[in-house]
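Q: Structure for the following, please:
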Amino acid sequence: MTNDQYANLRRLRRNPTLREMLKENRLSASEFIYPMFVVNGTGVKTPIEPMPGINQMSVDIAVEETLKAKEFGVKSVLLFGIPKHKDSTGSSSSSQGEAVQQAVSAIKKASPSTYVITDVCLCEYTDHGHCGVLDGEDVDNKATLPLLAKTAISHARAGADMVAPSAMMDGQVAAIRSGLDENNFCNIPIMGYSAKYASAFYGPFRIAAESSPRFGDRNSYQMAPTQGREAMREIAADIEEGADLVMVKPALAYLDVIKEASLQFDTPIAAYNVSGEYSMVAAAGQAGWLDQERSMMEILTSIKRAGADLIITYSAIQAAKILSRG
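A: From the prediction side, this is the model:
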């Protein structure tokens, strides 16, 4: 064979316009969900050391950040709250006076078209840092479910467009769906943190959300990184319980799980590009060890290519700015 007979694939790569025309996967800012950490008070913007460029924000600053995201086409946010008070049952998680509930109301008032999703978990609100109430040193699954439902209802009352339970309690989606329906929030969708792994990549998040366990770990309720088939069972269970969307978390180390889920289920799939994935790229970029922008976009594209319909990412605004440049 001549060299010309081997050149057919390279011919389609030579011209930048043709490369753009033939893209198999395209990122869009409208597919990004921007996570934010909200605290009580006003004028608070506290940098999170292991997450360069990300801050804990009071409600007024969170509104400004939401509007900034919207300018670049990021139309959805995911809220995590750091409360005034923590106790053994995470009782402040359902308080209408807490940061998440206040932020939901303020954001929807300032930007009604922004789609506001709230994380539903107790880890930020408990003094022991676990995702539910305890029976000894074990999380009591049954006792935790009504508290998660109560929290989700409080978010809906504040104006949340969607709730996202992340506690990894068996039956949490069903409990929340029942609670929402009984309180006339039948139209509020649920995004289940369905395949949530016990990952080392959550380290920076736990500093940001002040949610590290005081003892033990979360291996008894989050999934082991070795598990792939189990993830499909978790996803199927959440869908059966009424989840409208499902999530794989983290994203980068679990692209195979995202792909398999996209093949097995018709339900929309979100993937969470988590704090550790963000931080390692940001840190390497700051050190000059890699091109931060290119690496970030390559990772986000890999998540989309694996089959994610939505991407939750701390890079949402940065990536949207790059996409806006064309």
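Q: Averaging pLDDT per element, find the lowest-scoring helix or strand in this protein.
A: helix 3-6 (a mean of 62; mean pLDDT, DSSP states H and E).
Q: what's the average pLDDT for whichever helix or strand comes after that helix?
A: Next helix or strand after helix 3-6 toward the C-terminus (DSSP states H and E): helix 8-11. Over the span of helix 8-11, the pLDDT mean works out to 84.
Q: Adjust the sequence numbering to begin at 80 for everything that follows.
A: With the count now opening at 80, the last piece we talked about shows up as helix 87-90.
Q: Tell me where the model's unsure across the stretch 80-229 of the chain.
A: In the predicted model, the stretch 80-229 of the chain carries pLDDT under 70 at residues 80-86.
Q: Can you give me every residue that contacts residue 287?
A: Under the criterion of CB atoms under 8 Å, 6 or more residues apart in numbering, the neighbours of residue 287 are 116, 127, 129, 130, 133, 135, 159, 354. (Glycine included, C-beta is placed from N, CA and C.)
Q: Neighbour-wise, which one of the residues you listed leads?
A: Within the contacts of residue 287, neighbour counts (other CB atoms under 10 Å) peak at residue 354, which reaches 25 neighbours.
Q: my guess is that one contacts residue 278, does it?
A: No: between residue 354 and residue 278 there is no contact, the gap being 10.0 Å when judged by CB atoms under 8 Å.
Q: Residue 243 is in contact with residue 323, isn't it?
A: No: using CB under 8 Å, residue 243 is not in contact with residue 323; the gap is 10.4 Å.
Q: Which one of these two is surrounded by more residues?
A: Set side by side, residue 243 and residue 323 show more neighbours around residue 243, with 27 against 16, by other CB under 10 Å.
Q: Skipping adjacent residues, who's closest to residue 357 in space?
A: residue 393 (4.4 Å; CB to CB, 6 or more residues apart in numbering).
Q: One more: residue 161?
A: Counting by CB to CB, 6+ apart, the residue nearest residue 161 is residue 118, at 4.8 Å.
Q: One more: residue 164?
A: residue 171 (5.2 Å).
Q: burial count for that neighbour?
A: 20.
Q: Distance-wise, check it relative to residue 193.
A: Here residue 171 is placed at a distance of 25 Å from residue 193 (CB to CB, to the nearest Å).
Q: Same question for residue 372.
A: Counting by CB to CB, the gap from residue 372 to residue 193 is 25 Å.
Q: got it, and residue 222?
A: For residue 222 relative to residue 193 (CB to CB), the value is 34 Å.
Q: Between those two, which is the more surrounded one?
A: A count of neighbours by other CB under 10 Å puts residue 193 above the other of residue 222 and residue 193, at 19 against 14.
Q: sec struct for residue 397, please.
A: helix (DSSP: H, G, I helix; E, B strand; the rest coil).
Q: need the contact list for it.
A: 132, 372, 375.
Q: So which of those residues wins on neighbours?
A: Neighbour max across the contacts of residue 397 (other CB under 10 Å) = residue 375, 23 neighbours.
Q: Next, count neighbours for the closest residue to that residue other than its chain neighbours.
A: When the adjacent residues along the chain are set aside, residue 375 lies closest to residue 394, with 5.1 Å between them (CB to CB, 6+ apart). Neighbour count for residue 394, taken as other CB under 10 Å: 24.
Q: got it, and the one 5 residues further on?
A: Residue 399 sits with 22 neighbouring residues when counted by other CB under 10 Å.
Q: and what of residue 134?
A: With other CB under 10 Å as criterion, residue 134 counts 18.
Q: And the one 5 residues further on, by the same measure?
A: A total of 17 residues lie near residue 139 under the criterion other CB under 10 Å.
Q: ditto for the one 5 residues further on
A: Here the neighbour count serves as a burial measure; for residue 144 (other CB under 10 Å) it reads 19.
Q: Tell me how far it lies from residue 150.
A: In terms of CB to CB, residue 144 sits 11 Å off from residue 150.
Q: Would you mind grabbing the residues shared as contacts by these two?
A: What both residue 144 and residue 150 touch, as defined by CB under 8 Å, 6+ apart, is an empty set.
Q: ok so, going back, nearest to residue 89, out of the contacts of residue 287: which one, please.
A: residue 354 (39.2 Å; CB to CB).
Q: mind listing what the closest residue to residue 165 other than its chain neighbours touches?
A: Counting by CB to CB, 6+ apart, residue 165 lies nearest to residue 206, which is 4.3 Å off, once chain neighbours are set aside. Residues counted as contacts of residue 206 (CB under 8 Å, 6+ apart) are 165, 166, 167, 293.
Q: which of the residues you listed tops the neighbour count?
A: Highest neighbour count within those: residue 165, with 20 neighbours (other CB under 10 Å).
Q: I figured it hits residue 205, correct?
A: Yes: if you go by CB under 8 Å, residue 165 and residue 205 touch, sitting 6.1 Å apart.
Q: In contact with residue 290, which residues are there?
A: For residue 290, the contact set (CB under 8 Å, 6+ apart) comprises 202, 203, 208, 284.
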